[in-house]
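**Q** 3D model of this:
(chains A and B)
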There are 2 protein chains.
Amino acid sequence: MSLSLYEASIPAYVRMLKNLDAMLDKAVAHGNEAGVDLSTYTEARLAEDMHPLPRQIHLASDSAKGGAARLAGIDAPSMPDVETTIPELKERIAKTLAFLGTIKPEQVNGDEERTIELKLPSRTMTFTAKDFLFGFSMPNFLFHVTTAYGLLRNKGVPLGKMDYLAGAQA
Amino acid sequence: MSLSLYEASIPAYVRMLKNLDAMLDKAVAHGNEAGVDLSTYTEARLAEDMHPLPRQIHLASDSAKGGAARLAGIDAPSMPDVETTIPELKERIAKTLAFLGTIKPEQVNGDEERTIELKLPSRTMTFTAKDFLFGFSMPNFLFHVTTAYGLLRNKGVPLGKMDYLAGAQA
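**A** Residues are numbered from 1 along each chain as shown, chains lettered A, B, ... in the order given. Take a look at the predicted model:
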């Protein structure tokens, strides 16, 4: 059996978003137990000019839904970045997962060499579909999931690598 | 044209290791310019019980060479984790890149469903080759690259997302 663009993309976005959601649950549980106000987590940044936790999660959502939509050749649903609390951020993740659940393998597979354009404020990046996935979308998505993990760890939430990698084994 | 396991793996390990190497150069340049002792960077951790920068780079190297070797069905070269300074860590990255350069597409491609076993101290994880790559090896590798980036940013090294994503566009 060969490899498909769908199986290299959508299940990975889904799994890591679920892991991110579970990390937020652990943050709430730890905050409540340790008497830490949850704003300690939602206001955390790794550097003054890096984004705080909510924006990391908006960007994880954007890169997953935008990546999946571009791979499927459809428009991603708009999700205004209004979520600031952990319950709201979990809702954003749930909405992103619901969209990912609508993408069918046949929408993504079949033409791994087709062109995908990514319009940025400063320039347009042009990729083949597979280079977009492996070179841009997945590393960018995992950057935001890992940074969210790092922020929570930095603020004392007891997480381990397997919270990040959960579900790796089928 | 279809998708191959080689193109989903080896070029991504290579590119991100080169980006990591370039981040270390920027850390040295910034440290020298700002009068920051480089041990500030090499001793940095995001949490007391997280690994410092050298270990993040050892683990990025291990996950790249171990991942590539498992995908190719060969043994990875042993690289004792002795590097602690930035020049030594750059040498570790160079050795890892040299090994990755020896892997040929035909060693990796052809049987995406074959079994890969990952022996951990506590248990053995069993994957198909493609699940190993997408579910474990690549997310684990990118975790360590992103955490190295976060550590350096946390200590004031001026990096941006495009230092992490450099070379995404062919």
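**Q** Now do the strands for chain A: every range, in order, please.
**A** A:115-119, A:124-128 (DSSP state E).
**Q** longest single helix anywhere in chain A?
**A** If you go by DSSP state H, chain A has its longest helix at helix A:10-34.
**Q** Now do the same contact list for A:R92.
**A** A:57-58, A:61, A:79, A:83 (CB atoms under 8 Å, 6 or more residues apart in numbering or on different chains). The C-beta positions use only the backbone N, C-alpha and C, and glycine is treated the same way.
**Q** Just the buried subset of the residues you listed, please.
**A** Neighbour-count burial (16 or more other CB atoms under 10 Å in any protein chain shown) applied to these gives A:57-58, A:61, A:83.
**Q** biggest separation within those residues, which pair?
**A** Using CB to CB, the pair of the buried ones among the contacts of A:R92 lying farthest apart is A:S61 and A:E83, separated by 9.0 Å.
**Q** Do me a favour and average the pLDDT over the longest helix of chain A.
**A** For helix A:10-34, the mean pLDDT works out to 98.
**Q** Generate JSON lines for the buried ones among the contacts of A:R92, with pLDDT as supplementary columns.
**A** Formatted as JSON lines, the buried ones among the contacts of A:R92 follow (pLDDT from 0 to 100):
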{"residue": "A:I57", "pLDDT": "98"}
{"residue": "A:H58", "pLDDT": "98"}
{"residue": "A:S61", "pLDDT": "98"}
{"residue": "A:E83", "pLDDT": "98"}
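**Q** so what's A:G135 scoring on pLDDT?
**A** pLDDT, A:G135: 94.
**Q** ok, the residue lying closest to it once chain neighbours are set aside - contacts?
**A** Leaving out its chain neighbours, the residue that sits closest to A:G135 by CB to CB, 6 or more residues apart in numbering or on different chains is B:A168, at 4.1 Å. B:A168 makes contact with A:125, A:127, A:131, A:135-136, A:139, B:15, according to CB under 8 Å, 6+ apart.
**Q** I'd like to know how far the closest residue to A:D75 other than its chain neighbours sits from B:L59.
**A** In this structure, A:D75 finds its nearest non-sequential neighbour in A:A69, 6.0 Å apart by CB to CB, 6+ apart. From A:A69 across to B:L59, the span is 33 Å (CB to CB, to the nearest Å).
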